[in-house]
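*Asks:* pasting the sequence and the predicted model now:
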Amino acid sequence: MLLSILIPVYNERSVVRTSLLAVLAAPLPPGMERELVIVDDCSRDGTYDILRELALAHPSIRLFRHETNQGKGAAVRTAIGHARGEFCLIQDADLEYDPNEYPILLKPLIEGRADVVFGSRYLAGESRRVLPYWHTKINQTLTFLSNFFSNISVTDMETCYKVFRTDLLKSIPIRSNRFGFEPEITMKCAKRRLRIYEVPISYHGRTHEEGKKIGWKDGVQALVVILKFWLIDDLYNWPHNRVALINLTRTPAYVNRLAALIRPWLGDSVIELGAGIGTFSGRLMGKRVRYLAAEHDPLFLHALANRFLRTPNVETLDIAPDDQQALGNLAGQFDSALCLNLLEGLPSPENAIRGLAAALKPRGTLIILAPQGPALFGATDRAMGQLRRFSRAGIARLLEDNGFSVEWSRDLNKAAMPVWWLNSRVFQRQGLSKISLKLFDKTLFMMRLLDRLLPWQGLSLLLVARRK
């Protein structure tokens, strides 16, 4: 295994040599090597000359430099891009944190229990320097606010010592250039439902006279960052299809309503194709003897594995939606199959339906949720990774051609249809705002009444088909 130690540096000539030599000599778990990915953030005090000297003497050091000073977050972002190890550990270039505690930080990751480990200065570490009261209180207040908005419970959000699985860290976009990195990455780890562990660490903090750079303005910025990334779901470093799965997490009442409509049609054994991050799985797997959450996206698959780690009746499996051979290997094993907000993003939706037909037992049920109304297709659909919207007759024909007969259907969200047409076709909007989704969710009882009264088709179509 290789550990990438990410070290942002700015104007630390008095301590940087001692600090980096300690990092180079620090103990590591058996079988683990290290690389030091150092990013000099345009130091002006001679620090860079010391770094070049150390890099020439130690092959494990990889040195990079910013031509202009950008801040700790920007330096960490650059270092992440160059990391090659299985794990990434963030290490400041000062002497506040003790590299001898690397094995403690890495243990939950190596054992497979954690995705992220925070080294907490406020748990019972070996030792901690006593610092000014208000410095500690400000840190604890920011941690409280971060916990309040992210709905997790860490004791030290602002800690430098954060260790990650590299594949997950590289998938998270880092927007903050300065010390806002800490609350940003914490909020995004919480929203991604990563397994976060804390371990106690020692802390030998510096005063501003000794070179500490963070100040009250950074505390204000941290508060702004917490609020910003509570409102914005900027969770993936590259565009992901089926953004609707992320959007659905903002509409719990709507998801609960869909689950209530679907639940009576489910048998004891269920396969959900394209399970995403488990938005529906978590509500439908109860009382099932076997629930298989199938997903192909590695990040979504990881989220599913985390969510159902200790749920014995739920399995997760890597299956591409149109992989008929993989689905054929499950031939005749399931009473019911779910295909929710998936077919519209597939080049050949008939392949998924054909594969699910093979996985179902005779007379098994297939439940489909799909966007309706080809005339509504526009910019919002494309931004969400959708390739089409279905007509009722078209999807019924697709099911008939692949061995199913439609047994029940329901139009959903009729009142939202004109709004969608305006947003997607007229205004060419690229997405759905969090405010509009929350408003929709809070007025769902009105939408349900309108579904019974309005004469036109719904924005979505829920169908139950039975295998012939």
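*Replies:* Now that the structure is in, tell me what you want to look at. None of the values given here were measured: they were computed from a predicted structure. Residues are numbered from 1 along each chain as shown.
*Asks:* next, the buried residues of the lengthiest helix in the chain.
*Replies:* For the chain, the helix that runs over the most residues, judged by DSSP state H, is helix 133-150. The neighbour-count check on helix 133-150 (16 or more other C-beta atoms under 10 Å) flags 138-139, 142-143, 145-147, 149-150 as buried. Yep, even glycine has a C-beta here, placed from its N, CA and C like the rest.
*Asks:* tell me the centre residue of the chain?
*Replies:* Arg192 (2.9 Å; C-alpha atoms, centre = their mean).
*Asks:* hang on, isn't it packed against Leu169?
*Replies:* No - Arg192 is not in contact with Leu169 according to C-beta atoms under 8 Å; the separation is 10.9 Å.
*Asks:* coming back round to it: let's have the buried residues of helix 133-150 in a markdown table, adding pLDDT and distance to Asn423.
*Replies:* A markdown table is the format used below for the buried residues of helix 133-150 (pLDDT from 0 to 100; distance: C-beta to C-beta, whole Å):
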| residue | pLDDT | distance to Asn423 |
| --- | --- | --- |
| Ile138 | 83 | 42 |
| Asn139 | 83 | 43 |
| Leu142 | 92 | 37 |
| Thr143 | 93 | 38 |
| Leu145 | 94 | 33 |
| Ser146 | 93 | 33 |
| Asn147 | 95 | 35 |
| Phe149 | 93 | 28 |
| Ser150 | 92 | 29 |
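*Asks:* nearest to Val419 among these?
*Replies:* For the buried residues of helix 133-150, the minimum distance to Val419 (C-beta to C-beta) is 28.6 Å, reached by Phe149.
*Asks:* pull the contacting residues for that closest one.
*Replies:* 187, 226-227, 230 (C-beta atoms under 8 Å, 6 or more residues apart in numbering).
*Asks:* which of those residues sit farthest apart?
*Replies:* Among the contacts of Phe149, Met187 and Leu227 lie farthest apart (C-beta to C-beta), at 9.6 Å.
*Asks:* which of those two has more neighbours?
*Replies:* Using other C-beta atoms under 10 Å, the more surrounded residue of Met187 and Leu227 is Met187, with 24 against 14.
*Asks:* tell me which residues touch the nearest residue to Tyr48 once chain neighbours are set aside, please.
*Replies:* Once flanking residues are discounted, Tyr48 sits nearest to Asp40: 4.9 Å by C-beta to C-beta, 6 or more residues apart in numbering. If you count contacts by C-beta under 8 Å, 6+ apart, Asp40 has them with 9-10, 47-48, 51, 63-66.
*Asks:* can you read off the pLDDT for the nearest residue to Ile138 once chain neighbours are set aside?
*Replies:* Distances taken as C-beta to C-beta, 6+ apart put Gly219 closest to Ile138, at 5.3 Å, once the chain neighbours are dropped. pLDDT for Gly219: 76.
*Asks:* returning to that earlier point: can I get the CA coordinates of the longest helix of the chain in CSV?
*Replies:* The C-alpha atoms that make up helix 133-150 are tabulated as CSV, following Å, rounded to 0.1, in the frame of the first residue of the first chain:
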residue,chain,number,x,y,z
TYR,A,133,-9.9,30.1,25.8
TRP,A,134,-11.6,31.9,22.9
HIS,A,135,-9.5,30.1,20.3
THR,A,136,-10.8,26.8,21.6
LYS,A,137,-14.4,28.1,21.9
ILE,A,138,-14.5,29.4,18.3
ASN,A,139,-13.3,26.0,17.1
GLN,A,140,-15.9,24.2,19.1
THR,A,141,-18.7,26.6,18.0
LEU,A,142,-17.8,26.1,14.3
THR,A,143,-17.8,22.3,14.9
PHE,A,144,-21.3,22.6,16.5
LEU,A,145,-22.6,24.6,13.5
SER,A,146,-21.1,22.2,11.1
ASN,A,147,-22.7,19.3,12.9
PHE,A,148,-26.0,21.1,13.1
PHE,A,149,-26.3,21.6,9.4
SER,A,150,-24.6,18.4,8.2
